[in-house]
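>>> I need the structure of the sequence given here:
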Amino acid sequence: MRNLVIKTFLCLLGTWLCASANVHAQQIDTMTYHQLKGVEVVEKARPSTTREATPLQVMDRTGIERLGIQDLSEAVKRFSGATVKDYGGIGGLKTVSVRSLGAQHTAVSYDGVTISDAQSGQVDISRFSLDNVEMVSLSIGQTDDIFQTARMYASAGALSVKTLRPEFLTKPFHLKAQVKTGSFGLANPSLRYEQKLGRKWATSLTGDYLRADGNYPFTLTNVSQVEKLKRHNSDIESWRTELNLWGDLGRGGSLSVKGYYFDSERGLPGSVILYNDYAGERLWDKNAFVQAYYKNQLSRKFALQAQAKFNYAWNRYKDVNNKYQDGVQIDNYTQREYYTSVSGLYTLSDHISFSLIEDFSVNTLDNTLPECPFPTRYTSLTYLAGQYKDNRLTVTASLLGTYMTEHVESGDRPADRKRLSPAVSASWRILPDENLRVRASYKDIFRVPTFNDMYYLRIGNTNLKPEKATQYNLGLTWSGDLSVFSFLSLSADGYYNRVDDKIVAMPTMFVWKMMNMGKVSIGGTDVNFLAEMPLFGKIEAQLQANYTFQKAIDVTKETAKNYRHQIPYTPKHSGMVALSLQNPWVNAGYSVTLVGDRYALPQNIDDNRIDRYAEHTLSLNREFTVRNCKLRLQGEVVNLTNKMYDVIQYYPMPGRSWRITLSINY
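Numbering: from 1, shown residues only. Predicted coordinates:
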């Protein structure tokens, strides 16, 4: 009887703690985790950002809805230290770079499996919808979670996207229908269906369609001449479908399978050229992948997980222009990837654990360009880590071993690549009764040349060495309640990165050639602040702010004109402020993104400067309940002040625009 009472008390306490975490959006900071059998935990807790030994930023579903964020790139822009390169418009390419290390050094994972692009090394995050996303997180350096894939550790930073998993509390199925409309011909209907399959299985099917003409107005200034023009060839039409299956195998573990398909056609408006608004470039993309994830807690001390994925990516580029012999240029590219990962976690005691992870992948590229060597890349990543964790101290040390070899059907074959990459991190709770922590980390990492770097027409170079990066971080974090604030969180990190053998395009006798010529020194500070405050009645306010200072300078050659100049597209100052107000009537969210001056080319001269900007967004939303349906209506105004600005030089961003979203949950 006594044991029954104790178990019942622990179950109620665990459920109450999870519910409190959801209501107050607080980070959980506990010493150990125990599984309580027979208890179904409904609420989800976000990971602790102040306990981590390396910088971690999280935005969950509640935060996404508070601020009315509609796409993934908008969410990422609110993370400190992250830069989103945006070529403008709804259909523009959007890539992520962490602390000025470049998009090739940033991994992007979707439900735990890394998305790769061996051709360019960059992932276009505009291909993924935010409508079915539960959580977005950005980690820099070595994460405290040592039970992931080796690919997640093989990058300087990682953007992780976790999608919604259905919960069936009152009925065995759910249906969500949603439609968005807005400026520039936007139409975006979507549908999500979730079905419970017996006691231990569940499935979901998501589909959405998006179209927009994208021909937004902009202002072109040339000295004293000012022209009001419209972007042309900015349309997009895309389809996206996702099928998920989850299963509980009992003692056999758990299994999840995901199928994804994306198909789009878009215009590429190109850069703005004075007195010439012609744009004839088109891009077609098809991407399909199937991935599976298996996990089994074999014993109290040993856990096993395995992942597998097949990815197919095809794109077609077409340019209609008189500069070509036939008046048109058409290029087709096809990538395939076969990937698998096996991980083992051994828990020696309550405080000490070890993991061993092996990843293996095969990447191929076919294209219609002349002299294509049809490369095939074989990659093996082996990750070994050990961790000590108690209620005050967390220490993690790891070693990543990389072996890569390539085969080509014609031309020169690059040499095999072998490298060991160490990392270490620590977080210490300074006072036993206060959640004040100091953290420090070091990571040595590199990125291999992409297929484009080595094989693209005549500029490719198969003798390229990997681009090496060294990361140092020292930070201070605190979280708790204070005075009128129900929750307060603050973190400040200083960092230094060094990039050697940077891959750059250099002019040779007749053509440009990819070479290892660059050295970059990056120093900076990231500051993050989050406060929640109950006002009166059922009204609650949340304030979030971050600031980034970056001095990322080229130190390649002392005699160069750009020596110690800020590298392109890296602002020294950037930040974000967001305020949301939750109340029983209409919830409101306001945010402003601030970006300082940048330079489009290596020399920091006035002709290359891109002016600073501030983009303001205002959103309002309200939820209604009608019988068994929950309705949500949201309206937004983006770029409230109608600011004309560029993220990439000569690619003007849209001015003021609006969006309206109506969703129905049954």
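
>>> Please count neighbours and contacts with C-alpha atoms only from this point.
Will do.

>>> residue boundaries of the strands in the stretch 401-550 of the chain?
Ranges of strands in the stretch 401-550 of the chain, per DSSP state E, counting those that start in this stretch, are 417-429, 436-447, 467-482, 485-507, 512-534, 540-554.

>>> what does the stretch 151-300 of the chain give?
157-163, 173-182, 186-197, 201-212, 217-222, 225-230, 236-248, 254-268, 281-297.

>>> could you dump those to CSV with mean pLDDT, mean neighbour count and distance to residue 93?
Listed next are the strands of the stretch 151-300 of the chain as CSV, based on pLDDT from 0 to 100; neighbours: other C-alpha atoms under 10 Å; distance: least, C-alpha to C-alpha, whole Å:
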stretch, mean pLDDT, mean neighbour count, distance to residue 93
strand 157-163, 94, 22, 17
strand 173-182, 96, 17, 20
strand 186-197, 96, 18, 17
strand 201-212, 96, 20, 15
strand 217-222, 82, 15, 19
strand 225-230, 82, 11, 19
strand 236-248, 96, 19, 12
strand 254-268, 95, 19, 9
strand 281-297, 95, 18, 11
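
>>> between those, which gets nearest to residue 431?
Proximity to residue 431, assessed across these by C-alpha to C-alpha, is greatest for strand 157-163 (29.5 Å).

>>> Name the residues that touch that closest one?
Identification of contacts with strand 157-163 by C-alpha atoms under 8 Å, 6 or more residues apart in numbering yields 98, 105-112, 132-141, 152.

>>> Residue ranges in the chain under the pLDDT threshold?
Flagging of the chain using pLDDT under 70 yields the residue ranges 1-47, 88-89, 223, 275, 507-511.

>>> Could you tell me which of the contacts of strand 157-163 are located in helices?
The helices, defined by DSSP state H, take in residue 152 from the contacts of strand 157-163.

>>> In a markdown table: the strands of the stretch 151-300 of the chain, plus distance to residue 544.
Putting the strands of the stretch 151-300 of the chain into a markdown table (distance: least, C-alpha to C-alpha, whole Å) gives the following:
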| stretch | distance to residue 544 |
| --- | --- |
| strand 157-163 | 20 |
| strand 173-182 | 26 |
| strand 186-197 | 29 |
| strand 201-212 | 31 |
| strand 217-222 | 31 |
| strand 225-230 | 35 |
| strand 236-248 | 32 |
| strand 254-268 | 34 |
| strand 281-297 | 34 |
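
>>> In PyMOL, select just the buried ones from the contacts of strand 157-163.
Command for PyMOL, covering only those of those found buried under the criterion 16 or more other C-alpha atoms under 10 Å:
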select buried, resi 98+105+106+107+108+109+110+111+112+133+134+135+136+137+138+139+140+141+152
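
>>> The closest residue to residue 609 other than its chain neighbours and residue 548, how far apart?
Take residue 609 and drop its neighbours on the chain: the residue closest to it by C-alpha to C-alpha, 6 or more residues apart in numbering is residue 599, 4.4 Å away. Distance, residue 599 to residue 548, by C-alpha to C-alpha, to the nearest Å: 17 Å.

>>> cool, residue 499 as well?
When C-alpha to C-alpha is the yardstick, residue 499 and residue 548 sit 19 Å from each other.

>>> and these two? which has more neighbours close in?
Neighbours per residue, other C-alpha atoms under 10 Å: of residue 499 and residue 548, the larger number sits with residue 548, 24 against 20.

>>> What separation do you get for that one and residue 527?
As judged by C-alpha to C-alpha, residue 548 and residue 527 stand 7 Å apart.

>>> Can you tell me the centre-most residue of this structure?
Relative to the mean C-alpha position of the chain, the nearest C-alpha, by C-alpha atoms, centre = their mean, is the one of residue 159, at 3.2 Å.

>>> tell me the contacts of the nearest residue to residue 439 once chain neighbours are set aside?
Leaving aside its chain neighbours, residue 439 sits nearest to residue 427 (4.3 Å; criterion: C-alpha to C-alpha, 6+ apart). With contacts taken as C-alpha under 8 Å, 6+ apart, residue 427 has the following neighbours: 51-53, 392-395, 437-440.

>>> And the helices in the stretch 1-150 of the chain, which stretches?
Listed in chain order, the helices found in the stretch 1-150 of the chain under DSSP state H, counting those that start in this stretch are 2-24, 61-67, 72-76, 150-153.

>>> Check the burial of residue 594 by counting its neighbours.
Around residue 594 sit 16 other residues, with neighbours defined as other C-alpha under 10 Å.

>>> Let me know the helix or strand that it is in.
When secondary structure is defined using DSSP states H and E, the element that contains residue 594 is strand 587-595.

>>> List the beta-bridge partners for the residue nearest to the centre of the chain.
Counting by DSSP bridges, residue 159 is bridged to residue 108, residue 138.

>>> go on, residue 362?
When assigned by DSSP bridges, residue 362 has beta-bridge partners residue 338, residue 378.

>>> Would you mind measuring from the nearest residue to residue 589 once chain neighbours are set aside to residue 444?
Counting by C-alpha to C-alpha, 6+ apart, the nearest residue to residue 589 once its immediate chain neighbours are dropped is residue 580, at 4.2 Å. Separation of residue 580 from residue 444 (C-alpha to C-alpha): 39 Å.

>>> gap between residue 431 and residue 144?
Taking C-alpha to C-alpha as the criterion, residue 431 is separated from residue 144 by 21 Å.

>>> Between those two, tell me which one has more neighbours.
Set side by side, residue 431 and residue 144 show unequal neighbour counts under other C-alpha under 10 Å, the larger going to residue 144 at 21 against 10.

>>> Thank you, goodbye.
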